[in-house]
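Asks: What follows is a predicted protein model with its sequence.
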Amino acid sequence: KEELKGTELKGQDLRFSVFEKCSLKGIVFEGCNLEGSRFFGSRFEGCRFYGCCLTGADFSECAFENVSFEGAELTGAVFPAERA
């Protein structure tokens, strides 16, 4: 339940991290390993996940605005269902 803003993380091993109900703004993750991480109920604004491993990451009930997953590995990642 934290607010994190404006930082850059490169090549970090963040496997199985928990960011539940957080607000992440302007965070750049580059080449990070976020395998199995939980972001349940978090809000992302202006974040980038360049070339990150997000295998099995849980983004359930998250909100996204201007977020990029360019080059990220998303196998088994869970995202919120699109609303009609």
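Replies: That came through, no problem. Residues are numbered from 1 along each chain as shown.

Asks: hey, let's count contacts and neighbours off CA atoms from now on
Replies: OK.

Asks: The lowest-mean-pLDDT helix or strand in the chain pairs with which strands?
Replies: Every helix and strand of the chain was ranked by mean pLDDT, DSSP states H and E. The lowest is strand 3-5, at a mean of 88. Here strand 3-5 is paired, per DSSP bridges, with strand 23-25 (parallel).

Asks: What residues sit buried inside the least confident helix or strand of the chain?
Replies: By 16 or more other CA atoms under 10 Å, the buried positions in strand 3-5 come out as Lys5.

Asks: what about Ala81, distance to Ala63?
Replies: Between Ala81 and Ala63 the distance is 11 Å, computed by CA to CA, to the nearest Å.

Asks: Compare these two (neighbour count), which wins?
Replies: Ala63 (16 against 8; other CA atoms under 10 Å).

Asks: correct me, but the more buried one touches Cys47?
Replies: No. The pair Ala63 / Cys47 is not scored as a contact, 11.6 Å apart, by CA atoms under 8 Å.

Asks: So which elements touch the helix or strand containing Phe29?
Replies: Phe29 belongs to strand 28-30 when assigned by DSSP states H and E. Contact partners of strand 28-30 among helices and strands, from 3 or more CA pairs under 8 Å, 6 or more residues apart in numbering; DSSP states H and E: strand 8-10, strand 48-50.

Asks: Please state the offset of the helix or strand following it from the chain centre?
Replies: Note on strand 28-30: by DSSP H and E, the next helix or strand toward the C-terminus is strand 43-45. Here the centre of strand 43-45 is set off from its chain's centre by 9 Å, with CA atoms, centre = their mean, to the nearest Å.
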